[in-house]
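Asker: Have a look at this fold, sequence not included:
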């Protein structure tokens, strides 16, 4: 066992252009935005991004960092369609593999178990098969003879997830109402980087919450980043809700203007600039 703590920039320095990057969370909920902003400060590009998409996808798409996106959706939740994703997609900025939510989950699970694919009913009879001509079907070898989609494994070079608490060894804990699929992202990846609202001693993880909240286990984690408010502007219940006012500003501001104001400095500068914005907006 070893201390896996590092900064967000140190985690991103281990990535390379052209990698497949999985990003945990769901829509505009518990996204590892500190790590995403670190990618935007780097020169990394040509990424295949695998995500239940939110502003992580919107920002990386707007900045021209995505070559291919694998997603079930790209939403800000209270704003149904992520606007910067939409603008980038409409100008043909990247390739898109859009699949059903259950297919996405099965792809992660296949990768986590190091299987080439998993059979799934989702997608049969829908346009998912039409818009993804590379997908294949399989026939059950048993008496039912059912035709199923052979969802290919979504293998990841690296994964980013954000949790409420973590220890230095890489154990990650969620305290909110939904674990999403962050554990599968980590297990499907060759390397996984976990950011957390607060870094705590291992014994503290189970003092106020049951062991079942230990979503991410240390053996699949490469690095741990302490990042208070690191999901901003997405939610990270119960630590903080979604910053709806700032999200509306992000959604209605031209990307170049938003990036120039909020993404030109380090993470500390970002958090300070957001506080200044709120004072101006109040």
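Answerer: Sure, I can see it. None of the values given here were measured: they were computed from a predicted structure. Numbering: from 1, shown residues only.

Asker: my guess is residue 70 contacts residue 97, does it?
Answerer: Yes: here residue 70 reaches residue 97: they are 4.5 Å apart, a contact under CB atoms under 8 Å. All C-beta atoms are positioned from the backbone trio N, CA, C, and that covers glycine.

Asker: Now do the contacts for residue 225.
Answerer: Residues in contact with residue 225, defined by CB atoms under 8 Å, 6 or more residues apart in numbering, are 5, 6, 7, 8, 11, 34, 35, 193, 194, 195, 196.

Asker: so the last one sits right up against residue 223, yeah?
Answerer: Going back to what we said before, that points to residue 196. No: with contact defined as CB under 8 Å, residue 196 does not reach residue 223; the gap is 11.3 Å.

Asker: These two: who's more crowded?
Answerer: The neighbour comparison of residue 196 against residue 223 (other CB atoms under 10 Å) goes to residue 196, with 28 against 21.

Asker: What values do phi and psi take at the more buried one?
Answerer: Recorded main-chain torsions at residue 196 are phi -140, psi 150, according to degrees, to the nearest 10.

Asker: Against residue 168, how distant is it?
Answerer: Between residue 196 and residue 168 the distance is 11 Å, computed by CB to CB, to the nearest Å.

Asker: for residue 231, same thing?
Answerer: For residue 231, the distance to residue 168 equals 20 Å [CB to CB].

Asker: neighbour-wise, which of these two wins?
Answerer: Ranked by neighbour count (other CB under 10 Å), residue 231 and residue 168 place residue 231 first, with 29 against 17.

Asker: Wait, a strand at the more buried one?
Answerer: No: read with DSSP: H, G, I helix; E, B strand; the rest coil, residue 231 is coil and lies in no strand.

Asker: Contact partners for it?
Answerer: Residue 231 neighbours (CB under 8 Å, 6+ apart): 25, 30, 31, 32, 33, 34, 162, 197, 240.

Asker: Which parts of the stretch 51-200 of the chain are helices?
Answerer: All helices of the stretch 51-200 of the chain, identified by DSSP state H, counting those that start in this stretch, fall at 55-62, 83-90, 101-112, 128-131, 182-187.

Asker: Just put these in CSV and tack on mean pLDDT, distance to residue 40 and mean neighbour count.
Answerer: Output for the helices of the stretch 51-200 of the chain, formatted as CSV (pLDDT from 0 to 100; distance: least, CB to CB, whole Å; neighbours: other CB atoms under 10 Å):
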stretch, mean pLDDT, distance to residue 40, mean neighbour count
helix 55-62, 98, 6, 27
helix 83-90, 98, 12, 19
helix 101-112, 98, 24, 22
helix 128-131, 95, 29, 14
helix 182-187, 98, 20, 26
